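> A predicted structure for the sequence below; I have some questions about it.
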Amino acid sequence: MTELQTAARPRRPRPKAVTLTDAAAARVREIMANAEKDYIALRVGVKNGGCAGQEYTFAYAEQIEPLDEVVEDKGVTILIEPKAVLFLIGSEIDYETTKLASKFVFRNPNETDACGCGESVTIIPAAALDAD
């Protein structure tokens, strides 16, 4: 065996890119059960938009794309778009219900700012935060 070769050893599990609260997992299960098709997962992403610069996105997924990050948490499958992974690392997705609204809420340690209405955010990718 050369210096560059190592003995095969099991890889330790890596942390999930995102986690869900019990409320978020229950809501995703409900949404998936009531969907018009038999989707395999919920796809989560980030797009440019809103007054703070970025918005979280949700969509039904019919298949896993080659570069998707697959997260299994509390019986729910979440697919994270490849370009969104660094923006979402360490996030917790919750589902909140108030007297006026019900919505998914991200608790994202990579957020640096948010607009007043709560619809858009400014997010610095996780790798950029580590460089400081």
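Sure thing, it's come through.

> Show the residue spans covered by the helices in this protein.
22-33, 85-88, 126-131 (DSSP state H).

> Now tell me what touches the longest one from outside.
Residues from elsewhere that reach helix 22-33, judged by C-beta atoms under 8 Å, 6 or more residues apart in numbering: 20, 39, 42, 73-76, 78, 93-96, 104. Backbone N, C-alpha and C define where each C-beta goes, glycine included.

> From the residues you listed, keep the buried residues only.
Applying 16 or more other C-beta atoms under 10 Å to the contacts of helix 22-33, the neighbour count classes 20, 39, 42, 73, 76, 78, 93, 94, 95, 104 as buried.

> Skipping its backbone neighbours, what lies nearest the second one in space?
Yep, that's residue 39 we're talking about. Spatial nearest neighbour of residue 39, excluding adjacent residues (C-beta to C-beta, 6 or more residues apart in numbering): residue 60 at 4.2 Å.

> any idea how far that neighbour lies from residue 102?
19 Å (C-beta to C-beta, to the nearest Å).

> Compare these two (neighbour count), which wins?
More crowded of residue 60 and residue 102, by other C-beta atoms under 10 Å: residue 60, with 15 against 9.
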